[in-house]
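S.K.: Here you go, sequence then predicted model.
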Amino acid sequence: MRPATLLLLCAFPVAASAADIRVLSAAAVAPGLAKVADQFRRETGNRVRIQLGTTPQLERRLSVDDTIDILIAAPGLMNDQLRRNKVEPEKHVFIGRVGIGVAVRSGTPDPDIATLEGFKRSVTTADAIVYTDAGSGLYLDKLLDLLGIGEQLKTKTFRYASATQVLEHLAGGKGVEIGFATIPEIRLAEDKGIRLAGPLPDQIQSTTTYSAAVVSDAPEAEVAEKFVQYLDTPTARALFAAAGFDN
């Protein structure tokens, strides 16, 4: 699957000196990032092009594309890029952390996920459960096995390459189906027939942190640095928080 591309263009004439900066980002950050980038464009006139992908997709793109200005990623990829001097350590900011949420189709009852026992009962009695092949899905694979219910759920588990596909399946499904994705990704789909039932119970919750850094030799390094600094402002943090990030 090719990474999705999100283009945020000015709605009004931009000064000739305005820059285009290119951001390569983990897909889970998209809900808050799009709004922050749009606000940055409104305030500065600089346009932000965002390309989204999974960690392997981001890694491949970094290895072949010399037009990237900013990387936004989880610790594994970001630390690897820092060790290889591919991003600037002094131009690096923490964005926030996201947890895994439980999604259901609009109009269906909420599963009991307030406690660990309720969670186990809800997933084992559901008609189907749906999650990704990577990211949060890898965690869920291990979790369900640790809870002793992984084998029991295999025949009614649907796996997809992206959270978008997970939530599309859920929206068009039938019966009692439970989906899993990051909380921001679920919130982004709430106008498409999906509802966030809540986060995983505290005892089994897993969070992922995301940070941003200017890429070494970024074509638009000056504006890229300004955008990374902007990600750490109260305005940006409020937009990320509204999208489901914990700052």
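M.R.: Okay, I see it.

S.K.: May I ask which helix or strand encompasses the closest residue to H169 other than its chain neighbours?
M.R.: The shortest distance from H169 to any residue other than its chain neighbours is 5.3 Å, reached at V130 (C-beta to C-beta, 6 or more residues apart in numbering). The way it works is simple: take the backbone N, C-alpha and C, and place the C-beta from them, glycine included. For V130, the element it lies in under DSSP states H and E is strand 128-132.

S.K.: For that strand, which strands pair with it and how are they oriented?
M.R.: strand 157-160 (parallel), strand 177-182 (parallel) (DSSP bridges).

S.K.: And the very next helix or strand once past it, what does it pack against?
M.R.: Sequence order places helix 136-146 as the next helix or strand after strand 128-132, per DSSP H and E. If you count contacts as 3 or more C-beta pairs under 8 Å, 6 or more residues apart in numbering; DSSP states H and E, helix 136-146 packs onto strand 87-105, helix 150-153, strand 177-182.

S.K.: At the geometric centre of this structure, which residue do we find?
M.R.: Centrality entry for the chain: nearest residue to the mean C-alpha point is A28, 0.4 Å, by C-alpha atoms, centre = their mean.

S.K.: For the strands paired with strand 128-132, could you give me TSV that also reports mean neighbour count?
M.R.: Shown next, in TSV, are the strands paired with strand 128-132 (neighbours: other C-beta atoms under 10 Å):
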stretch	mean neighbour count
strand 157-160	17
strand 177-182	26
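
S.K.: Just put those strands in CSV and tack on mean pLDDT and distance to F119.
M.R.: Output for those, formatted as CSV (pLDDT from 0 to 100; distance: least, C-beta to C-beta, whole Å):
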stretch, mean pLDDT, distance to F119
strand 157-160, 96, 15
strand 177-182, 96, 10
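
S.K.: My guess is the residue nearest to the centre of the chain contacts I183. True?
M.R.: No - the criterion here is C-beta atoms under 8 Å, and A28 misses it with I183 at 9.2 Å.

S.K.: Pull up the overlap in contacts between the two.
M.R.: Listed contacts common to A28 and I183 are V98; contacts here mean C-beta atoms under 8 Å, 6 or more residues apart in numbering.

S.K.: nearest to T44, of the strands paired with strand 128-132?
M.R.: strand 177-182 (28.4 Å; C-beta to C-beta).

S.K.: How much space separates the residue nearest to H169 from Q81?
M.R.: 32 Å (C-beta to C-beta, to the nearest Å).

S.K.: and what of G53?
M.R.: 14 Å.

S.K.: Perfect, I'm done here.
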